[in-house]
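A.B. asks: Turn this into a structure:
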Amino acid sequence: MFHDVESLIWGAKLFGSIPYKISDHKIKLTKLRISYCVFMSAVMIATVGFAVYFDSNDLDDIKSILLMKTRSGLSCTCFLIDSIITIYLNNHLISALDHIHVYDLFAKFKYNKYYSNENLCQIITIIMSACWAGVGYAVYKIDSSYPLFNCFAYIFVYGGTSVQILKFAAIILLLYQRFNHLSDLVLPQLSKRIKVKIINQISYDLRLDDIWWLHYNLSSAAEEINRVYSVQLLIWIFSFSLNGLSRIYTLITPEDDSVFSKLRDILCATGCFINLLIITVFCHVTSKKANRVRENVFAPYSVVAKNSHLIQEHSPAIVYFCVKKLSFTAASGFIHVHLPLLLSIAGAMTTYLVIIYKSPSKLA
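C.D. replies: Numbers count the residues shown, from 1 in each chain. Coordinates of the predicted model:
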C-alpha cells in the first residue's frame with residue numbers, strides 16, 4: 001500500500017515521525033520506534049532552545065526577536081504535537097488504513113502507471129530537500145559564531161516539520177488514488193487506461209450498493225485521518241503562515257544586507273509557502289475527487305445509469321450520495337482546508353505585515 005508513496009515517508013522515518021512498523025497495509029507501534037521518536041523530540045527541543053538563545057544575542061530589533069522566538073516555538077510545537085498524535089491516536093490511523101484495505105480487496109485495486117504518483121512524490125521530496133539544504137548553506141555562510149550548529153538547527157527544525165507534512169500528504173495521496181479509481185469504475189467509458197477486474201464481472205456491472213459501499217469506506221478513512229490531524233492542521237497553517245510572515249518582514253527590514261542573508265529568508269519563506277501549498281492542494285483535490293464520484297454516479301454514462309430501474313430500489317444509497325460531501329477541516333471544522341484558504345492566508349499575512357512594520361521597533 002505504501003510502496004507508491006515511499007519517497008514521501010522516508011524522511012519522516014529518519015526524523016522519528018513514524019513510530020510504527022509498516023507492513024503492507026498495517027501499522028503497529030513498537031517500543032523501539034517510540035523510543036526513537038521520543039529521542040528525536042528531545043533533540044528538537046534542545047536544538048530549538050539553543051538556537052533561540054544564540055540568535056537572541058545577535059538581534060537588536062525587539063520585533064525580530066519576538067518573531068524569531070514565536071516561529072521557533074511553533075516549529076517545535078508542530079514537531080512534538082505530530083509525534084504525540086501519531087502515538088496517542090494511532091487507533092484512528094489503523095481504522096483508516098483498514099477502510100482503505102477493504103476498498104482494495106473489494107474493488108481489487110492494483111497500482112498501474114495511471115494511478116501511480118511516484119514521480120510526483122520524488123519531485124516534491126527533491127524540491128523540499130533542496131530548499132532546506134540551501135537554507136542550511138546560507139546560514140553556514142552568514143553565521144560567524146556557531147556556523148555548524150546553526151546550519152544543523154535550521155535543517156533539522158525546518159526539515160523535521162516538512163517531512164511531517166510530506167507524511168500527511170502521502171496518506172492523503174493514498175485516498176486520492178482510490179477515489180480516482182472509483183470515479184473511473186463509475187464512468188468506465190471515460191477511462192481507457194484502467195486495467196482492473198472488479199467484483200463479480202469484468203464488464204464493470206456495478207450495482208449502486210457496491211458503489212455506495214466503496215465510497216463509504218474511502219470517506220470513512222478520510223474522516224478518520226481528518227480526526228487525527230484536525231488540531232495539527234491548524235497548528236501547521238498558523239505556524240507556516242507566521243514563519244513566512246516573519247521572513248518577509250526580515251527581508252523588508254534587514255539587519256544584514258548580505259546576499260546569503262537574503263537567500264536564507266527567501267528560501268525559508270518559499271519553503272513555508274510550499275508546505276502550505278502541499279497541505280491545501282492535496283486536501284482540495286482529494287475532497288473534490290471524492291465529491292465528483294457523487295456526481296458521476298448519476299451521470300448519463302455511468303454504470304448505474306445503465307440499470308436505471310435499480311435506482312428506485314436503493315433509496316438509502318441515493319440519499320447517501322445526495323447528502324454526503326467530503327471536506328477536510330482544521331480544528332474540528334473551524335477552518336476548511338481548500339485552495340481558497342491560501343487567499344485568506346495571503347490577506348491575513350499582508351494585514352499583519354503592515355501592522356508589524358508600523359509598530360515601534362524598540363521598547364519604551
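A.B. asks: which stretches of the stretch 1-150 of the chain have low pLDDT?
C.D. replies: 58-61, 111-116 (pLDDT under 70).
A.B. asks: ok, 90 please
C.D. replies: Residue ranges of the stretch 1-150 of the chain with pLDDT under 90: 1-14, 16-30, 50-75, 83, 86, 104-125, 142-147, 150.
A.B. asks: In terms of secondary structure, what does whatever helix or strand residue 350 lives in contact?
C.D. replies: Assigned by DSSP states H and E, residue 350 falls within helix 340-358. Packing partners of helix 340-358 (3 or more CB pairs under 8 Å, 6 or more residues apart in numbering; DSSP states H and E): helix 208-252, helix 259-297. Any C-beta I mention is one placed from the backbone N, CA and C, and that applies to glycine too.
A.B. asks: mind checking how far the shortest one is from the chain centre?
C.D. replies: On the basis of CA atoms, centre = their mean, to the nearest Å, helix 259-297 sits 8 Å off its chain's mean C-alpha point.
A.B. asks: Now that helix: buried residues?
C.D. replies: 261-276, 278-287, 289-294, 296-297 (16 or more other CB atoms under 10 Å).
A.B. asks: Next, the angle helix 208-252 makes with it.
C.D. replies: 160 degrees (axes from the mean of the first three to the mean of the last three CA atoms, to 10 degrees).
A.B. asks: and the next element down the chain from helix 259-297?
C.D. replies: Downstream of helix 259-297 (by DSSP H and E), the next one is helix 315-323.
A.B. asks: could you give me the average pLDDT of that following helix?
C.D. replies: Here helix 315-323 scores 77 as its mean pLDDT.
A.B. asks: right, and the helix or strand after it?
C.D. replies: strand 329-330.
A.B. asks: Secondary structure class of residue 144, three-state.
C.D. replies: Following DSSP: H, G, I helix; E, B strand; the rest coil, the label given to residue 144 is coil.
A.B. asks: ok, it - how many residues close by?
C.D. replies: 7 (other CB atoms under 10 Å).
A.B. asks: Report the contact partners of it.
C.D. replies: By CB atoms under 8 Å, 6 or more residues apart in numbering, the contact set of residue 144 is empty.
A.B. asks: likewise residue 16?
C.D. replies: 33, 36, 37, 38, 39, 40, 41, 83.
A.B. asks: now those residues: which count as buried?
C.D. replies: Here, 16+ other CB under 10 Å leaves 33, 36, 37, 40, 41, 83 buried among the contacts of residue 16.
A.B. asks: Quickly note the distance from the third one to residue 16.
C.D. replies: Meaning residue 37. With distances taken as CB to CB, to the nearest Å, residue 37 is found 4 Å from residue 16.
A.B. asks: who touches both of these two?
C.D. replies: residue 83.
A.B. asks: Would you check how far apart residue 268 and residue 71 are?
C.D. replies: Separation of residue 268 from residue 71 (CB to CB) stands at 9 Å.
A.B. asks: On the three-state scheme, the nearest residue to residue 30 once chain neighbours are set aside is what?
C.D. replies: The shortest distance from residue 30 to any non-neighbouring residue, by CB to CB, 6 or more residues apart in numbering, is to residue 21 (5.0 Å). Judged by three-state DSSP, the three-state class of residue 21 is strand.
A.B. asks: Let me see the contact set for residue 21.
C.D. replies: With CB under 8 Å, 6+ apart, residue 21 has these contacts: 27, 28, 29, 30, 33.
A.B. asks: next one: residue 263
C.D. replies: 134, 138.
A.B. asks: how close does it sit to residue 351?
C.D. replies: 27 Å.
A.B. asks: just residue 141 next, same as before
C.D. replies: As for residue 141, its distance to residue 351 is 34 Å (criterion: CB to CB).
A.B. asks: Could you list the low-pLDDT ranges of the stretch 151-300 of the chain?
C.D. replies: 180-213, 246-259, 261-262, 292-300.
A.B. asks: before we move on, the earlier item: any chance of the helices and strands packed on helix 340-358 in JSON lines with distance to residue 95 as columns?
C.D. replies: JSON lines is the format used below for the helices and strands packed on helix 340-358 (distance: least, CB to CB, whole Å):
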{"stretch": "helix 208-252", "distance to residue 95": "5"}
{"stretch": "helix 259-297", "distance to residue 95": "18"}
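A.B. asks: nearest to residue 4, of the ones you listed?
C.D. replies: helix 259-297 (14.4 Å; CB to CB).
A.B. asks: what's the angle from that closest one to helix 315-323?
C.D. replies: Using the same axes, to 10 degrees: helix 259-297 against helix 315-323 is 150 degrees.
A.B. asks: circling back: among the buried ones among the contacts of residue 16, which one sits closest to residue 340?
C.D. replies: So of the buried ones among the contacts of residue 16, ranked by how close each gets to residue 340 (CB to CB), first place is residue 83, at 30.5 Å.
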